[in-house]
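Asker: My questions concern the predicted model and sequence given below.
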Amino acid sequence: MAVNLLKKGQKVNLVKSNGSKLTKLMVGLGWDAAQPKSGGGFFSSIFNSTPNIDCDASVFVCKNGKLSAVDDIVYFGNLEHFSGAVKHMGDNLTGEGEGDDEQIFIDLNKIPADYDKLVFVVNIYKAVDRKQDFGMIKNAFIRIVDSENGEELCRYNLSDDYTGMLAMIAGEVYKKNGEWKFNAIGNGTTDPGLKELSGRFA
């Protein structure tokens, strides 16, 4: 099955390639630090090296579309939701290497009935202090994988100009009429940290 390349705002049903419901999935998020433009000169090799940017992926587990408790934030400091439905595999400090930089595993059957949305966000750690923003990042994406067989079902490449943005709302998995769907969002924000970013959904 060909990977379904999504566009901003596109929504897809979470189903396996054979048409059956997808219940166990992996959400992979990736990014690379962009190579600065060379300015030449004696110091160019020192100051134009690829920056070390620490991006953190997090999940807001929402009731009625809203984030209602700190325990419903799954991130590098709280790697598993109390329900066992959402598990974060840990923090990547640099974004180096091929493939996913951070992975989040989800068992839709374990999500409590009063929860209906998972929002996937990425923010730059200490972005203001380090004078970093998403304009310094390239090749960002979010993808959905059937975790039972490793098949990638859909991918959304975040290709907008995010210069000046300190965080990103990448996408969401949400329930509508009893069916789980994925929505490609890709909106940048100027929130300096996870606390401010989570406030948007409270």
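Answerer: That came in fine, so what should we check first?
Asker: Show the backbone phi and psi for residue 70.
Answerer: In terms of degrees, to the nearest 10, the main-chain angles of residue 70 are phi -60, psi -30.
Asker: ugh, wrong one, residue 197
Answerer: Recorded main-chain torsions at residue 197 are phi -70, psi -40, according to degrees, to the nearest 10.
Asker: do the same with the one 3 residues further on
Answerer: Note on residue 200: backbone dihedrals following degrees, to the nearest 10 are phi -70, psi -20.
Asker: show me the contacts for it.
Answerer: Taking Cβ atoms under 8 Å, 6 or more residues apart in numbering, we find residue 200 in contact with 169, 189, 191. Placement of C-beta: from N, CA and C, glycine included.
Asker: and residue 9, helix, strand or coil?
Answerer: coil (DSSP: H, G, I helix; E, B strand; the rest coil).
Asker: about what we covered before: got CSV for the contacts of residue 200, with neighbour count, distance to residue 70 and pLDDT too?
Answerer: CSV is the format used below for the contacts of residue 200 (neighbours: other Cβ atoms under 10 Å; distance: Cβ to Cβ, whole Å; pLDDT from 0 to 100):
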residue, neighbour count, distance to residue 70, pLDDT
169, 20, 19, 96
189, 17, 20, 97
191, 20, 16, 97
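Asker: and the next element down the chain from the worst-scoring helix or strand of the chain on mean pLDDT?
Answerer: Of all the helices and strands that make up the chain, the one with the lowest confidence by mean pLDDT, DSSP states H and E is helix 44-47; it has a mean of 43. Read in the C-terminal direction, the helix or strand following helix 44-47 is strand 55-62, with elements assigned using DSSP states H and E.
Asker: Now that next one - C-alpha only, PDB.
Answerer: Output in PDB follows, covering the C-alpha atoms of strand 55-62 (Å, rounded to 0.1, in the frame of the first residue of the first chain):
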ATOM      1  CA  CYS A  55      13.000  19.600  20.100                       C
ATOM      2  CA  ASP A  56      10.600  17.900  22.400                       C
ATOM      3  CA  ALA A  57       7.500  16.000  21.200                       C
ATOM      4  CA  SER A  58       4.500  15.800  23.600                       C
ATOM      5  CA  VAL A  59       0.900  14.600  23.600                       C
ATOM      6  CA  PHE A  60      -2.100  16.300  25.200                       C
ATOM      7  CA  VAL A  61      -4.700  13.700  26.000                       C
ATOM      8  CA  CYS A  62      -8.000  15.600  26.000                       C
END
